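1. how would this look folded up:
(4 chains)
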There are 2 protein chains.
Amino acid sequence: MGRRARLRAQTTAEIKAIALKHLSEGGPDAVSLRAIGREMGMSGSAIYSYFDTRDALITTLINDIYTSLLDQAETARDAVAPDDIAGRILAWGQALRVWSLANPEGFRLIYGDPVAGYHAPTGGPAPEAAKRACLGLTELAAAAWPHAKATQASTDHQWSDFSPGLADTIREHFPDLPPAAVALALRMWGRMHGLISLEVYGHLATQTGDPAKLYHAELLDLLRSLGLDVEHARRARTPHSSA
Amino acid sequence: MGRRARLRAQTTAEIKAIALKHLSEGGPDAVSLRAIGREMGMSGSAIYSYFDTRDALITTLINDIYTSLLDQAETARDAVAPDDIAGRILAWGQALRVWSLANPEGFRLIYGDPVAGYHAPTGGPAPEAAKRACLGLTELAAAAWPHAKATQASTDHQWSDFSPGLADTIREHFPDLPPAAVALALRMWGRMHGLISLEVYGHLATQTGDPAKLYHAELLDLLRSLGLDVEHARRARTPHSSA
DNA sequence: TCAAAGTCAGAACGGCGTTCAAACTTGGTG
DNA sequence: CACCAAGTTTGAACGCCGTTCTGACTTTGA
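-> Predicted coordinates for the structure are as follows:
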């Protein structure tokens, strides 16, 4: 890599770093090409050498942020013994919430309206990270499935209910998993996402002063509905931290 | 009301109507004072006679939209016999999803980033509607509580966990309700919100082709975890409509 | 009748994303 | 070495935005 390419990579990284700083400090609309250039001592239009458009910059930000979220979730999960299924689900869920509250603007970027007028490129904002999220969840659901299938099979799901790409990927990694378990994974995702989303967007703060306790109770209820040992997980309760 | 006040009310209504049209057609950033004025044959600055700022207009839009959501949810719930608790919860949940998919931009306005740079006035965007939402949910949780308390009391909640305003309001309407039931109401909200939010923001479309089935399964699981009769509710299953 | 209050247009300010032509810098080839 | 092509950067420009301000016009009510 020649000198030119090195400078280019460095400038690109600086643009992204400043964009991230502006994002966390001033929200999505503070990520402006002109403002970034101003802070770098460049004109706003110069950034077009590095990103075709503002949306392209936002897209790479989403990619980076989504990846960091999954790094954290996977790390938290893998810190728990593989046979402690309840603990792994709990760790994953807590990691999601902790990360989301620490990076609310990142959460908004991934799961909310990224930015005014932004439209994600085809294939979603961050296909790679989304796939990891889906697989991670499915792994947990697969581990819990032997305990959960008795209570979770009440609705009939078919493979045709899911997108072909997802179905193939999952059957490749988990050959024996029935489609109902994939539905369970998506519903687990929804359960975690619901309270976190409400909290990040400020809809819980007006109701409860201890959202952490609420979320933990929800995770325990989830574990219970999966037929997993709740007593064990309750001892690992996180302190009630406020955001 | 004099002639002048009548004209004023009419113009205000027209501004709101056009703003709603632009919102549903072009997303939040299409709600621009200049564009509204242009469509009405007015200058953009003239709108400042009716709304102090763009945020004020957005705030009243949120109020109207939030109110329409709750009208629909309450109507759907009240169409079911009061003693059919499972049916009422199901009706409420389905109404939330149907409305949200029919008014995705409204959903984003209420529960997501309303619009670039918008900051809600103190007390939340629509305190009145939010209160109705909370009370409606609590009513359902209260009705289900006799069946649910055996399984839902695993975490200890106190009244001090909730904001004083909420606690007082609820104790006024439901004197005998324990705080754990309020926590249950909030968690029910979170469960419904999670999948709906993922679907509205397009995160489910890449995974499943039948989000309605997934959501219905989630509601059934919720009812089951409340100790309610699921068989009866399953017969009232909604057809699998795609958004 | 007449002043106060309300309503409106139009210009202006500073912000934005984006485009474009022109200058400048760098890289590699003959 | 010279030289050209490619990459980089600037600054002006276009059209959009929210907001403010001034001045004209209309309605209201005493």
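
2. Specify the local secondary structure of the residue of chain A found nearest chain B.
-> Nearest to chain B, among the residues of chain A, is A:G194, at 2.7 Å (Cβ to the nearest Cβ). (Each C-beta comes from the backbone N, C-alpha and C, glycine too.) Three-state call for A:G194 (DSSP: H, G, I helix; E, B strand; the rest coil): helix.

3. The nearest residue to it once chain neighbours are set aside and DNA strand C, how far apart?
-> Distances taken as Cβ to Cβ, 6 or more residues apart in numbering or on different chains put B:G194 closest to A:G194, at 2.7 Å, once the chain neighbours are dropped. B:G194 sits 32 Å away from DNA strand C, going by Cβ to the nearest atom of the strand, to the nearest Å.

4. pretty sure B:G194 is in contact with A:L186, am I right?
-> No: B:G194 is beyond contact range of A:L186, at 10.1 Å (criterion: Cβ atoms under 8 Å).

5. what does chain A put close to DNA strand C?
-> Residues of chain A lying near DNA strand C by Cβ under 7 Å from any atom of the strand: A:2-4, A:31-35, A:44-45, A:48, A:53-55.

6. out of the residues you listed, which are inside helices?
-> Those of these mapping onto helices are A:R3, A:R4, A:L33, A:R34, A:A35, A:R54, A:D55, per DSSP state H.

7. Please produce a ChimeraX select command covering the buried subset of those.
-> In ChimeraX syntax, the buried subset of these is picked out as below (16 or more other Cβ atoms under 10 Å in any protein chain shown):
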select /A:33,54
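
8. and the ones in helices among the residues of chain A next to DNA strand C near DNA strand D, which?
-> Answer for these near DNA strand D (Cβ under 7 Å from any atom of the strand): A:R4.

9. which residues in chain A form helices?
-> Using DSSP H, helices in chain A cover A:3-26, A:33-40, A:54-78, A:85-102, A:104-111, A:127-152, A:164-173, A:179-200, A:211-225, A:230-235.

10. Buried deepest among those helices, which one?
-> Of all those, helix A:179-200 has the most neighbours on average by mean count of other Cβ atoms under 10 Å in any protein chain shown, namely a mean of 25.

11. Restricting to C-alpha, output that one in CSV.
-> Output in CSV follows, covering the C-alpha atoms of helix A:179-200 (Å, rounded to 0.1, in the frame of the first residue of the first chain):
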residue,chain,number,x,y,z
PRO,A,179,-39.2,-23.9,11.7
ALA,A,180,-41.1,-23.3,14.9
ALA,A,181,-37.7,-22.8,16.7
VAL,A,182,-36.8,-20.1,14.1
ALA,A,183,-40.0,-18.4,14.9
LEU,A,184,-39.1,-18.6,18.5
ALA,A,185,-35.8,-17.0,17.9
LEU,A,186,-37.5,-14.1,16.2
ARG,A,187,-39.9,-13.7,19.0
MET,A,188,-37.1,-13.7,21.5
TRP,A,189,-35.6,-10.9,19.5
GLY,A,190,-38.8,-9.0,19.6
ARG,A,191,-39.2,-9.4,23.3
MET,A,192,-35.8,-8.0,24.0
HIS,A,193,-36.2,-5.3,21.5
GLY,A,194,-39.5,-4.1,22.8
LEU,A,195,-38.5,-2.8,26.2
ILE,A,196,-35.1,-1.7,25.0
SER,A,197,-36.6,0.3,22.3
LEU,A,198,-39.2,1.9,24.6
GLU,A,199,-36.5,2.8,27.0
VAL,A,200,-34.0,4.2,24.5
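
12. rewinding a little: intersect the ones in helices among the residues of chain A next to DNA strand C with the contacts of chain B.
-> Among these, no residue sits close to chain B (Cβ under 8 Å from any Cβ of the partner chain).

13. Would you mind putting the ones in helices among the residues of chain A next to DNA strand C into TSV with distance to A:A143 alongside?
-> As requested, these are exported to TSV (distance: Cβ to Cβ, whole Å):
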residue	distance to A:A143
A:R3	50
A:R4	49
A:L33	45
A:R34	49
A:A35	46
A:R54	42
A:D55	38
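
14. Quick one: which of the ones in helices among the residues of chain A next to DNA strand C has the lowest pLDDT value?
-> pLDDT is lowest at A:R3 among those; the value there is 75.

15. quick one: that one from A:A95, how far?
-> Counting by Cβ to Cβ, to the nearest Å, the gap from A:R3 to A:A95 is 41 Å.
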